[in-house]
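> no sequence on this one, just coordinates:
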């Protein structure tokens, strides 16, 4: 077998079970399993974790091993309609390494061996489809728009938090299911109401809602550009220009990525393992009423508890954000504050502090990280500033080195001197660049065959065939006709989608062209200093990265950040123009990122069998609506919290750390790239770390090749490199709590996905309410009265406040 030599056999256990969550958890492990090569530490560890849980929990079903019931005799049917004569592989519990029998298994059946991703995903996720299910309902639009507003507002609030956080799609999926079933129950189906409630809430409606909300629940990078212009350049583009900037930057990636569906979406190799838990949950929620009801009961219980609890660390008792016995013992020591403080933004390293605030613990969800991955993600303690300084440690005044056209003046730089980064931020930049170089080589070494198979379309023979069959009416081509002709090689999920009309390439091409025209106008109306040819270069660079980086993400689930790389390219293309650097990054890095999100969500639609045109409509509506909400929230937060956002430390509620790092990177790379990063300059090791990173995985690969018993394949070098700089900014008291929860969850696995979604959901709803009610997102701040557990005059953990 390709994925770790895993052999799978049918077993009758699941035939008598109503716990569809067990089936979901048991099967969804294969997404992560096949994301890496057969010797990958992540796949083996994930298998160990889930296998132990399955055998522990299913041992009570041993009497079923006497023989399968009659309903297991249903034969498997290939995508071409030919029966294989084998029993259904839907009930799967027995598996072993290297095709050897598993001594702990409870049943005997015909073996099913997965040879590739197409077979694997067809077993993990249901291939059944009911074309009668209608996603185009008032209910789906109503819930979709509502959750888009909530998700986009929450994402923008999180953007101005001291820790980088995201909106949980699992939570949005479950809450949309709950609202949908409530509307199904409460709205009558007679008379005029039948238009509001035409049928039971179905899986395609739920998928339509989550795709719309997913497109909206991101803080658009354009708001970061606009925030920097307002806060550091005193440039405030008018509302129309700002909105069109958001639209063009968000939709360009959709247009370009949509044109690459035949390469990055339809092939079975592109199976997007990161979305398998979400799709598995969809199957579970709509598969069995009893099991779904039990999941919802667990969800609401956990949701309610964490909702009430978050009121304490967030507002009443903020000491719980970072409890440090060292700070309490030596509250006046600057050294203790730098080392052990971590309750406020950029306060200290948070070493050995305990965090009781799930908002910060869940920056990476500890419930879903395998044991070996936790060892690789243990944060390195290196924080804590991302702004530029003078040599004496005071904040660097960038306005004193720029002329009236927002370009860096070399003479003014000579007068002010070159700026300095905090050493910890240099470590972060170096670590990020090391990780990017290491990731490319690591994937080439461990899954080279998968990469090569995915790019056979670039062979001379394939390119020649494409040219010979080129049709002048290319705008009607949907990218899937040729593959549809080969039934034996057809992904079964994709085969089910062929019954629905696809969104033609002309839709995506028109989206890209219109966005490009708008972008060309906006870069001149917004004083960006980016010339038209710079925009074209940015989009060409984005197109190249879409082809390769998104392909790697689709096959491995490993996302790559190219932000620092494109900042470097822009710095040398547009020297002395920091604002041009920001816009170049916006239209290159963000375009690639949006294409990745589009293709990921289109894969969700394919797995759930949501018609492609419904998915296209949901994505466009969610993107445009979410961008407007992002803009409104950004203006409100900056107007009311500007001073805090400009400060280095911020507070435990608000922080401008992301705006600060984007601006400092633009000044350093865009204005002073030659002076700061070229050979023999102060920070020349930052760009050189790309080259060094290429060599980091090679020793471990050689060790594993010649001495496999040493298990050097357990060392995932890109992860280690990337996490060197994780504590370079923000609230760092959560590091130890993250590890405690992560290690503990290895032995408590029941309802992991549901519990994680409920914790995220309850926390995010409370944070949303408090942001407007007491934290000043829309006006005045109402802090809780000062007491020992809420030290409003300093750091909440009672470490000394460093100026």
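Ah, there it is. Predicted, not measured: the structure shown is a model, and the values here were computed from it.
> Surely residue 271 forms part of a strand?
No - counting by DSSP: H, G, I helix; E, B strand; the rest coil, residue 271 is not part of a strand but coil.
> Could you count how many residues lie near it?
Other residues near residue 271 come to 28 when the count uses other C-beta atoms under 10 Å. (Each C-beta comes from the backbone N, C-alpha and C, glycine too.)
> Make 238 the first number, not 1, from now on.
Yes, from this point I'll number from 238; that puts the last item at residue 508.
> gap between stretch 801-817 and the chain center?
Centroid displacement of stretch 801-817 relative to its chain, using C-alpha atoms, centre = their mean, to the nearest Å, is 26 Å.
> how about the helices in the stretch 888-1037 of the chain?
Counting by DSSP state H, counting those that start in this stretch, one finds helices in the stretch 888-1037 of the chain at the ranges 894-902, 909-914, 922-930, 934-943, 954-959, 971-981, 989-1010.
> closest one to residue 823 among the ones you listed?
helix 894-902 (9.8 Å; C-beta to C-beta).
> counting contacts, what elements does the closest one pack onto?
On a contact count with 3 or more C-beta pairs under 8 Å, 6 or more residues apart in numbering; DSSP states H and E, helix 894-902 meets helix 458-469, helix 815-845.
> what are the ranges of the helices in the stretch 338-487 of the chain?
For the stretch 338-487 of the chain, the helices defined by DSSP H, counting those that start in this stretch cover 354-361, 375-396, 406-423, 440-453, 458-469, 476-495.
> and if you look at the stretch 488-637 of the chain?
For the stretch 488-637 of the chain, applying DSSP H, counting those that start in this stretch gives helices covering 498-501, 513-522, 526-546, 548, 562-566, 571-577, 595-598, 608-613.
> after the longest one comes which helix or strand?
The one in question is helix 526-546. Tracing the chain C-terminally past helix 526-546 and defining elements by DSSP states H and E, one meets helix 548 next.
> can you give me the mean pLDDT across that next one?
If you average the pLDDT over helix 548, you get 91.
> quick one on the thing from earlier: will you turn the helices of the stretch 888-1037 of the chain into a markdown table that also has mean pLDDT?
Listed next are the helices of the stretch 888-1037 of the chain as a markdown table, based on pLDDT from 0 to 100:
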| stretch | mean pLDDT |
| --- | --- |
| helix 894-902 | 86 |
| helix 909-914 | 88 |
| helix 922-930 | 91 |
| helix 934-943 | 92 |
| helix 954-959 | 78 |
| helix 971-981 | 77 |
| helix 989-1010 | 80 |
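> Of all those helices, which one is nearest residue 565?
Shortest distance between residue 565 and the helices of the stretch 888-1037 of the chain, using C-beta to C-beta, is found for helix 971-981: 16.1 Å.
> Give the other helices and strands that that closest one contacts.
By 3+ C-beta pairs under 8 Å, 6+ apart, helix 971-981 packs against helix 595-598, helix 608-613.
> picking that back up, let me know which of the helices of the stretch 338-487 of the chain is the nearest to residue 635.
The nearest among these, by C-beta to C-beta, is helix 458-469 at 6.5 Å.
> Of the helices of the stretch 488-637 of the chain, which is nearest residue 632?
Nearest to residue 632, of all the helices of the stretch 488-637 of the chain, is helix 571-577, at 18.3 Å by C-beta to C-beta.
> In stretch 1030-1040, which residues are buried?
Neighbour-count burial for stretch 1030-1040 flags 1032-1037 (criterion: 16 or more other C-beta atoms under 10 Å).
> Quick check: of those, which lies closest to residue 841?
Using C-beta to C-beta, the buried residues of stretch 1030-1040 come closest to residue 841 at residue 1033, 39.8 Å.
> Select the longest helix from this structure.
Secondary structure assigned by DSSP state H gives helix 849-883 as the longest helix of the chain.
> what distance separates the strand or helix carrying residue 773 from the centre of its chain?
In this structure, residue 773 is located in helix 769-782 according to DSSP H and E. Remark: helix 769-782 is offset 24 Å from the chain centroid, using C-alpha atoms, centre = their mean.
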